[in-house]
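Engineer: Predicted structure and sequence below. I'll ask about it afterward.
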Amino acid sequence: MTDIRFDALCIGNAICDVFAHVEEDFLVAEDLIKGSMRLIDTEEAVRLYDKMGQTVRVSGGSAGNTAAGIASLGGAPAYFGKVADDELGDSYSHDMKGTGVHFGTPRLVGGNPTARSMILITPDGERTMNTYLGACVEFTPADVDPEVVAASAITYMEGYLWDPAEAKKAFLEAAKIAHANGRKVGITLSDSFCVDRYRSEFIGLLQDGVVDVMFANEHEIKALYETADLDTAVSAARQSGALTALTLGENGAMAITSDAIIEAPAEKVDDVVDLTGAGDLFASGFLFGHARDYDLKSSLSLGCLCASNVIQHVGARPEKSLKHIAEQSGFEV
C-alpha cells in the first residue's frame with residue numbers, strides 16, 4: 001500500500017476571490033439574497049465588478065482555502081483544481097504552492113479563463129458570493145492523479161464541484177481510488193442551494209458508503225434532510241452511516257456518529273470582520289486532526305479555533321500561522 005504523504009487531498013473549484021465591502025442597500029438594489037452563492041456568466045461578472053468599488057483580490061475556492069489552512073497548521077495538503085493558462089492562473093498556482101500546498105493539476109489551454117468569485121461583505125460580516133466558474137468546469141477524471149489520491153489520508157471534495165458532470169465523475173474516480181487504498185473520503189455540502197440541487201445524490205453518496213465524512217452547517221443539514229428542526233436533522237445524520245462534522249456558528253460544532261454526539265464550543269471572537277471561509281477553515285482543523293488520529297472532540301476544537309481566526313480579517317485564508325496559534329492553545333501540531 002502507498003505510504004501516506006498528505007494529510008488531505010482537497011478537490012474543488014480553483015477560484016480567485018475578489019472582495020468588496022458594501023452596504024445592505026447595495027444587495028437590495030442588485031436583487032441579491034444575502035449569504036447566498038449564485039453562478040454568473042462573463043457579462044454579469046464584468047457588470048458587477050464595475051459596480052463594486054474598491055476591491056481586494058486573493059486566491060480562493062472553498063477546498064483551496066481548506067488546503068491552505070491545513071498547510072498553515074504545518075500539515076501536508078494536496079489540491080486538485082483547474083485553472084487556465086493565463087495571468088490569474090499563474091497567480092493562483094503561485095499562491096497555492098507558496099503556502100505549501102502540493103498543486104500539480106494541468107492548466108487549461110485555449111479555453112475559458114481562470115474562475116473568479118466576487119464576494120460582497122455587508123457590515124454584519126455576512127458574505128454574498130457571485131461566482132464565474134470559467135476554467136473550473138473543465139476539471140475531468142483525466143486530472144485525477146491516482147498516486148496523490150492513494151497517498152492522502154483523506155480525499156475531501158467541495159459540494160460546489162458537483163455541478164459539472166465531468167467533475168462529478170472525477171470525484172467518484174478519486175473516491176474509488178481512495179477506498180481501494182484504505183483511505184477515507186469526505187465532502188462538504190457547501191451551501192443550502194447546492195443541497196437543494198443535489199439532495200438525493202448527496203444522500204446516495206452517504207448511503208452507498210462513497211462518503212465517510214460529511215461537513216455541513218446548520219442550514220445545509222436542515223436542507224439535506226428537509227426539516228426546519230435541528231434535532232430532527234441531527235437524528236437523521238446519525239442514521240446516515242457517515243461521520244458528520246456540523247458547524248453551528250457561535251454555538252460551536254458537533255461530531256455526529258451512529259453511536260454518539262460530541263460537542264465543542266466556539267472560540268470567543270470580539271470583532272467579526274468577514275465570515276468568508278469560516279466553514280472552509282473549520283474543515284482545515286478538523287481534517288488535520290482526523291488525519292492525525294485526534295479524538296473527535298479535539299478535531300472539533302481545532303476546527304473551531306481555525307474558523308475563529310479567519311473571521312477576524314477580510315479573506316478566507318489565514319494571515320498568521322495557524323500552527324503557532326494552535327500551539328499557543330495547547331494543541332500538539
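Structural biologist: Alright, I've got the coordinates. Residues are numbered from 1 along each chain as shown.
Engineer: Check the secondary structure at residue 118 for me.
Structural biologist: Under DSSP: H, G, I helix; E, B strand; the rest coil, the three-state class of residue 118 is strand.
Engineer: where does residue 190 land in three-state SS?
Structural biologist: Residue 190 is classified as coil under three-state DSSP.
Engineer: Who are the contact partners of it?
Structural biologist: By CB atoms under 8 Å, 6 or more residues apart in numbering, the residues touching residue 190 are 37, 62, 158, 159, 160, 220. No exception for glycine: its C-beta is placed from N, CA and C like everyone else's.
Engineer: and it, how far is that from residue 150?
Structural biologist: To residue 150, residue 190 is 26 Å away according to CB to CB, to the nearest Å.
Engineer: Equivalent analysis for residue 92, please.
Structural biologist: Applying CB to CB to residue 92 and residue 150 gives a distance of 25 Å.
Engineer: Looking at these two, which has the bigger crowd around it?
Structural biologist: Using other CB atoms under 10 Å as the criterion, residue 92 and residue 150 rank with residue 92 on top: 28 against 22.
Engineer: Which strand or helix spans that one?
Structural biologist: Using DSSP states H and E, residue 92 maps to helix 87-98.
Engineer: can you check residue 166 too?
Structural biologist: Here residue 166 is assigned to helix 165-180, by DSSP H and E.
Engineer: Do you know the pLDDT at the closest residue to residue 226 other than its chain neighbours?
Structural biologist: Spatial nearest neighbour of residue 226, excluding adjacent residues (CB to CB, 6 or more residues apart in numbering): residue 199 at 7.5 Å. We have a pLDDT of 97 for residue 199.
Engineer: Would you list the phi and psi of residue 199?
Structural biologist: Dihedral angles of residue 199 (phi, psi; degrees, to the nearest 10) stand at phi -50, psi -50.
Engineer: which residues of this protein score low on pLDDT?
Structural biologist: 1 (pLDDT under 70).
Engineer: just the strands in it please.
Structural biologist: 6-11, 15-21, 37-39, 56-60, 77-80, 102-103, 115-121, 127-132, 152-158, 184-188, 213-217, 243-247, 253-256, 261-264 (DSSP state E).
Engineer: can you redo those as TSV with mean neighbour count?
Structural biologist: Listed next are the strands of the chain as TSV, based on neighbours: other CB atoms under 10 Å:
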stretch	mean neighbour count
strand 6-11	29
strand 15-21	23
strand 37-39	15
strand 56-60	20
strand 77-80	28
strand 102-103	20
strand 115-121	24
strand 127-132	22
strand 152-158	27
strand 184-188	25
strand 213-217	24
strand 243-247	24
strand 253-256	23
strand 261-264	17
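Engineer: Present the ones you listed as a markdown table; the columns should include distance to residue 174.
Structural biologist: Formatted as a markdown table, these follow (distance: least, CB to CB, whole Å):
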| stretch | distance to residue 174 |
| --- | --- |
| strand 6-11 | 6 |
| strand 15-21 | 19 |
| strand 37-39 | 23 |
| strand 56-60 | 21 |
| strand 77-80 | 8 |
| strand 102-103 | 15 |
| strand 115-121 | 20 |
| strand 127-132 | 23 |
| strand 152-158 | 5 |
| strand 184-188 | 8 |
| strand 213-217 | 14 |
| strand 243-247 | 19 |
| strand 253-256 | 24 |
| strand 261-264 | 28 |
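Engineer: mind checking which of the ones you listed is nearest residue 231?
Structural biologist: Proximity to residue 231 (CB to CB) singles out strand 261-264 among the strands of the chain, at 10.4 Å.
Engineer: hmm, who's touching that closest one?
Structural biologist: Under CB under 8 Å, 6+ apart, the answer for strand 261-264 is 234, 238, 252, 253, 254, 255, 296, 297, 300, 301, 303, 304.
Engineer: Please identify, among those residues, the one with the most neighbours.
Structural biologist: residue 303 leads the contacts of strand 261-264 on contacts (other CB under 10 Å) with 29 neighbours.
Engineer: Can you verify my assumption that it contacts residue 284?
Structural biologist: Yes. If you go by CB atoms under 8 Å, residue 303 and residue 284 touch, sitting 7.3 Å apart.
Engineer: Pull the contacting residues for the residue nearest to residue 226.
Structural biologist: Applying CB under 8 Å, 6+ apart to residue 199 gives the contacts 223, 224, 226.
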